[in-house]
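> Okay, sequence plus prediction incoming.
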Amino acid sequence: MAVCTYLVEELHLDVDTTDNSEALLSRGADVDSFSYCGTPLHAAVIGKHDAAVKILLDHHADCNKAMSIHYTPMIAALHVRSLKCVKLLIKAGADVKGVGQLTPLIVAANEGLTDFYKCLLDTGADPDVRDDGGHLPIEIAAHNNRRKDVEILFPVTSRIPYVHDWSVDGILAYVKSVPKEENDPLYKMDPAYLKSEGSKAYKRKDYVSAVNFYSMAIKLDPSDVILHSNKSLCWINLGDGDKALLDAEFCRMMQPDWPKACYRQGAAHMLLKNYEKACDAFLAGLKLDPTNVEIEKALREACNSLKISLGTKRVS
């Protein structure tokens, strides 16, 4: 096992890795190597191991390296609500502006991370970037009736033309006056209903509709790993290995001890014909659940495919 992979697994097992981190890094471990849960820095942040985060950053870990397009260590730190990790990342030069429409400030607004705003804003977070639904952080805070958050964001947010009374009370009143379904039809839906509709669509093999339902549910409840798992399975049935892997890796990163997350990741790698990584994922799943016949069968198939692939390469 690679020394850096060993470090990542220890971090996810929630053990004290301070001494081990120093030792492994001194032995030449790649501080930015990728595993099923991102880089060692991702793993340290998700585990809220502040000391390990500092050690990795002191060894020049890339604080902006993203997993699954936008999932940087900063976004991970916000999701696990670790202000200490956020501050350590900022000190190391982490980008607080974010990638695309999932910015640290939007995550903070969605999660109600009132105590996080100041350090983000002080280091350049842009309060005028909208999420994929077209909402500013201040509007998200107002939608969730978080007055203190609105008060913090108000002085730094550019005036919104359609809010006629430009004040904290005016913003809160505007949001209350506009039916939520006019802002975003999703707000009138229950994530459980959307998940149920997605499952119905999947059963009738309407995988495109299922993906749409699961995607809408994820917008309302992004931390539900089952939604990501279901969506990954739909992408597998649609033959899109890259998108299937994206959701599978999110599942495994957020819930590394879940055998199904390993199975989804392995299936996505099989679709991409990356048989070695498929074997690794299935083997990890089987270690977590040794009696799982489905994973055991998938591992055998992956190993056979790997042997055939290696044999073909030798012949050619």
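Received the coordinates, thanks.

> In which helix or strand does residue 97 reside?
Using DSSP states H and E, residue 97 maps to neither a helix nor a strand.

> Next, count neighbours for the closest residue to residue 102 other than its chain neighbours.
Nearest residue to residue 102, sequence neighbours excluded (C-beta to C-beta, 6 or more residues apart in numbering): residue 70, at 4.9 Å. All C-beta atoms are positioned from the backbone trio N, CA, C, and that covers glycine. For residue 70, the neighbour count with other C-beta atoms under 10 Å is 14.

> Then residue 310?
Other residues close to residue 310 by other C-beta under 10 Å number 12.

> Residue 146 too?
Neighbours of residue 146 (other C-beta under 10 Å): 18.

> show me the contacts for residue 107.
By C-beta atoms under 8 Å, 6 or more residues apart in numbering, residue 107 lies in contact with 75, 78, 79, 113.

> do the same with residue 194
By C-beta under 8 Å, 6+ apart, the contact set of residue 194 is 213, 214, 216, 217, 220.

> Throw those into JSON lines and include distance to residue 92, thanks.
As requested, these are exported to JSON lines (distance: C-beta to C-beta, whole Å):
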{"residue": "213", "distance to residue 92": "39"}
{"residue": "214", "distance to residue 92": "35"}
{"residue": "216", "distance to residue 92": "36"}
{"residue": "217", "distance to residue 92": "35"}
{"residue": "220", "distance to residue 92": "33"}
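
> so where's the chain shaky on pLDDT?
1-29, 34-37, 68-69, 99-101, 179-189, 312-316 (pLDDT under 70).

> Which segments of it make up each domain?
1-93, 96-188, 201-315 (automatic domain parsing).

> Pull the longest helix anywhere in the chain out as PDB, backbone CA atoms only.
Longest helix in the chain by number of residues (criterion: DSSP state H): helix 293-315. Only the C-alpha atoms of helix 293-315 are listed here, as PDB (Å, rounded to 0.1, in the frame of the first residue of the first chain):
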ATOM      1  CA  VAL A 293     -22.000 -11.800  -3.100                       C
ATOM      2  CA  GLU A 294     -22.700  -9.000  -5.600                       C
ATOM      3  CA  ILE A 295     -19.400  -7.300  -4.900                       C
ATOM      4  CA  GLU A 296     -17.500 -10.600  -4.900                       C
ATOM      5  CA  LYS A 297     -18.900 -11.400  -8.300                       C
ATOM      6  CA  ALA A 298     -18.000  -7.900  -9.600                       C
ATOM      7  CA  LEU A 299     -14.500  -8.200  -8.300                       C
ATOM      8  CA  ARG A 300     -14.000 -11.500 -10.200                       C
ATOM      9  CA  GLU A 301     -15.300 -10.000 -13.400                       C
ATOM     10  CA  ALA A 302     -13.000  -7.000 -12.900                       C
ATOM     11  CA  CYS A 303     -10.000  -9.200 -12.300                       C
ATOM     12  CA  ASN A 304     -10.800 -11.300 -15.400                       C
ATOM     13  CA  SER A 305     -11.100  -8.100 -17.500                       C
ATOM     14  CA  LEU A 306      -7.800  -6.800 -16.100                       C
ATOM     15  CA  LYS A 307      -6.100 -10.100 -17.000                       C
ATOM     16  CA  ILE A 308      -7.500 -10.000 -20.600                       C
ATOM     17  CA  SER A 309      -6.600  -6.400 -21.000                       C
ATOM     18  CA  LEU A 310      -3.000  -7.000 -19.800                       C
ATOM     19  CA  GLY A 311      -2.700 -10.100 -22.100                       C
ATOM     20  CA  THR A 312      -3.900  -8.100 -25.100                       C
ATOM     21  CA  LYS A 313      -1.400  -5.400 -24.400                       C
ATOM     22  CA  ARG A 314       1.500  -7.900 -24.200                       C
ATOM     23  CA  VAL A 315       0.400  -9.500 -27.500                       C
END
